[in-house]
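Chemist: With the input below, show me the fold.
(chains A and B)
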Amino acid sequence: MISIQGLTKRFGAQTAVDHLSWEVPPGKIVGLLGPNGAGKTTTLKMVTGMLQPDAGRALICGVDVTTHPMEAKRLLGFVPDSGAVYESLTGLEFLLMIGALYGIHEDEARPRIRQFLDFFELDEQTLTTKLLGAYSKGMRRKVVITAALLHNPKVVLLDEPLDGLDANAAVGFKALLETLAREGKTIVYSSHVLDVVERVCNRVAIMAQGRLQVEGSPQELQHQHGADTLEQLFTQLTGLSGLEARAETFAKNMLS
Amino acid sequence: MSTAAESITDSPPRRAPSPAKVLRSLFWTLLFRGRAAQQAGAQKTRRQMGLGLTMLIYALVGLMPALFAQNADLFVFACTLHGCTFMFASLTLASSAGTMLFMKEEAEILLHRPVTPQQMLRAKCTVLAGFAFMLALALNLAGFVAGLGCKGATWRFIPAHLFSTALLMLFSASSIVLVYNACLKWFGRERLDNILTTLQSLLTIVMIMGGQIMPHVMQMDAFKHFDHVSGWMLALPPLWFGALDALISGTTFNPASLWLPAALALLATAITSWLALEKIGSAYGQGLMNLNESAGTAKERTRPRGVWLAAIVKLPPLSWWLRDPVERESFKLTTAYLLRDREIKLRLYPGIMPMLIMPLAMLLSGGAGRAAEASMMMQGFTTCFLCLVSLQAMMFLGCSEHWRAAAFFYVAPLRHWSPLFHGARKAVLCWLSFPVLILQTALICGLQRSWTPLALSLPALMFLPTFSLVTGLMGQWLPLSKPPEDVKNTTFGCLMMVASMAAAGVIGGLAIWMWYVGHFGIFLAVEALVMLGATVLMKYLMRDTPWVAQPE
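Modeler: This next block holds a predicted model:
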């Protein structure tokens, strides 16, 4: 599970995450939503140990990320939204390297990689001969997801994981997430695509201006706030009301 | 059978290599493979050839100091060898270090894995020191043999020099990592980019100028008849490591005066390594994150960007020169990338620096002793030689990390690609070629205390704009439209360089000849007509090159 206690991060005068406290229970897929600049990615980066918080702490299965970063990092898998990889390695070289960093020997890593390969329908020849720089966006994303799950982490953090995946791969990945959650893994799913979050996640947390606004199951939250859909709830809470009217005015002005 | 099966089953699971070893192997691969997105197998042969060729060049360069071994004391010779190694191997190291230390997206790949930033930095430093040591070995190959013939030398020179060279490379790698890491810690991302560009450009200048100065230094009496290590000499790192060689392997020099510099070699290496890897090393992770953050530690900019650029393109003479709106926007785009983009700046400025410095170094190395006629001849060539700047710049500007954004050019309703090309070409002329021509001419005028170089720069002034069209003859050219790997395809580029140098030589040579025979005015008039004709012809040929749809 993830326990976040008073987490704060400032960039100069700007407070990206403001005393955030949040508990993510095991066996759940929690959607992390928020408008641009809400502090979602900064939160995830602090939880993964990539960024040092200015205040507060994050615990992964009880392990403090700041004081015991190595132990905490071994427990989690992260898919960053950038999908960054070393472009001059082949897919296989990259995955074996990542596996080795988690202490997985090549002999053990290869069959695991093959399982992901079959699941994502990745071509083995491409994985062994082509450098990652020549992969399509979707293929690269599949390699990044494999690299995050290869060591069978207890906590999985996903930042826009479906970006670039085709419809079939996306459906398969969503099913995989549900299976992982059933096995007791904690999954945080950060995305801007509300309908995907609504379909995949058991719970939803909405952030705005570095703070957690609400947290609960989508149905529960909609009922509490009198919203018909998650989209309506989101716009209510993030202060962007009357978007349809604004769009209509804009289109009229633009066309005139 | 069952025993064998049991022994297989019971054998403990094989342990993965340590993270440090994995990281060293990773950075070693990345250093040699570059970022080319091609077939892994095909890339291997070219990479090995490239490394072999570099080693061969270094071995050949190493012959130069080896020639001075005879009759020299071993200490003096060792200092000379270390001086050469320090300059050439360390400078190559400096140019590779920036790319390795500051990979923009590396934080997103590695920092959430169970590796510490210090482990990453140590692995990088080891790989850089190892790479530099390989180059240093090639450079010192002839020196190892020649050193045995020095005064006071024994067989111990070979292991001693091997040890001191390894130490020198560790010192160089640590120093470079320390400087770059300190920049990363103390400066914001934007300032860091500028500092790195300046640092790499300065290193290129030092290397070229050093190459010109080195033979003169080695002929200096102070070096030939060295009898004690004075105060100022203690500030020279090659001397510290030379003292180590001399103390271990023997010298005619008084060993008592060598203990201090030798101790400095050991101490400086230890302190620099500690500072680079331990003291400042812990901030490396934060620095890597800053590289990738939109909000960094630097002060946020409040003034809008590009206001001055938008204003000056509307004013004469640029408004007359950039009448086509597409050309004007391409000019602004290219200017913005010339000034702001980290990747373009890091590749372009150190890349064109040799073209700016080489002619100047050639011109100045003869100095006062050269006849005025020869100096003039050289100037005619050097100013025309600046055409290489535009050629090189256009080759670099055709490629960018942001090449996917060129999709906008393909979807926009443009009749032809040439306005985009002309805009970029004019930006290169305006911000690079012409300012350098003016600077170079002013410098020569000052040095020669004469206005003649001003007149002699006129042929180049007419030649440069026409020559800048040549890139457009090679086919469709769009700014920042190809992946950066494409710029590494240099065979065609080298051929173009040779052809350009030949053209520069012809124009420059003709100009000087006409100056001598007193028909310079006529030459200028004819050149103007020829260049005008060539411009019209090239633009016509370019218009015939079709607008090709976006490649896969």
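Chemist: Which element, helix or strand, includes the residue nearest the centre of chain B?
Modeler: The residue lying closest to the centre of chain B (CA atoms, centre = their mean) is B:Pro350, at 4.2 Å. Per DSSP states H and E, B:Pro350 falls inside helix B:342-365.
Chemist: before we move on, back to that, right, and the residue nearest to the centre of chain B touches B:Thr197 too?
Modeler: Yes. Proximity of B:Pro350 to B:Thr197 meets the contact threshold set by CB atoms under 8 Å, at 7.4 Å. The C-beta positions use only the backbone N, C-alpha and C, and glycine is treated the same way.
Chemist: Number of residues surrounding the closest residue to chain B within chain A?
Modeler: Closest to chain B within chain A is A:Gly133: 2.7 Å, counting by CB to the nearest CB. When neighbours are counted by other CB atoms under 10 Å in any protein chain shown, A:Gly133 registers 18.
Chemist: can you check B:Phe163 too?
Modeler: So B:Phe163, with other CB under 10 Å, has 14 neighbours.
Chemist: Would you agree it is in contact with B:Leu244?
Modeler: Yes. B:Phe163 lies in contact with B:Leu244 (CB under 8 Å); the separation is 7.3 Å.
Chemist: A:Pro35 belongs to a helix, doesn't it?
Modeler: No. Using DSSP: H, G, I helix; E, B strand; the rest coil, the assignment for A:Pro35 is coil, not a helix.
Chemist: so what pLDDT did it get?
Modeler: Looking at A:Pro35, its pLDDT stands at 88.
Chemist: same thing with B:Ala534?
Modeler: At B:Ala534, pLDDT is 93.
Chemist: And for B:Gly296?
Modeler: pLDDT at B:Gly296 comes out at 45.
Chemist: Over to B:Thr491?
Modeler: For B:Thr491, pLDDT reads 57.
Chemist: by contact count, what packs against the helix or strand hosting B:Thr334?
Modeler: Here B:Thr334 sits within helix B:325-340, counting by DSSP H and E. Secondary-structure packing of helix B:325-340 (3 or more CB pairs under 8 Å, 6 or more residues apart in numbering or on different chains; DSSP states H and E): helix B:307-312, helix B:342-365, helix B:387-397, helix B:418-428.
Chemist: Which of the residues in that helix are classified as buried?
Modeler: B:326-328, B:330-335, B:337-338 (16 or more other CB atoms under 10 Å in any protein chain shown).
Chemist: contact partners of it?
Modeler: B:305-306, B:309-310, B:313, B:318, B:322, B:344-345, B:348, B:397, B:400, B:414, B:419-424, B:426-428, B:430-432, B:479-480 (CB atoms under 8 Å, 6 or more residues apart in numbering or on different chains).
Chemist: That helix - what's its average pLDDT?
Modeler: Rounded mean pLDDT across helix B:325-340 is 92.
Chemist: what's the angle from that helix to helix B:418-428?
Modeler: Angle of helix B:325-340 versus helix B:418-428, following axes from the mean of the first three to the mean of the last three CA atoms, to 10 degrees, is 40 degrees.
Chemist: Count the neighbours of B:Lys539 for me.
Modeler: Neighbours of B:Lys539 (other CB under 10 Å): 13.
Chemist: ok, now which ones touch the nearest residue to it once chain neighbours are set aside?
Modeler: Leaving aside its chain neighbours, B:Lys539 sits nearest to B:Leu469 (7.0 Å; criterion: CB to CB, 6 or more residues apart in numbering or on different chains). Applying CB under 8 Å, 6+ apart, we find B:Leu469 in contact with B:425, B:534-535, B:538-539, B:542.
Chemist: remind me which residues of chain A are low pLDDT?
Modeler: A:240-241, A:256 (pLDDT under 70).
Chemist: just the helices in chain A please.
Modeler: According to DSSP state H, chain A carries its helices in the segments A:40-47, A:69-75, A:91-101, A:106-120, A:124-129, A:137-149, A:167-182, A:194-200, A:218-225, A:230-237, A:243-255.
Chemist: quick one: B:Leu178 and A:Asp118, what's the gap?
Modeler: 48 Å (CB to CB, to the nearest Å).
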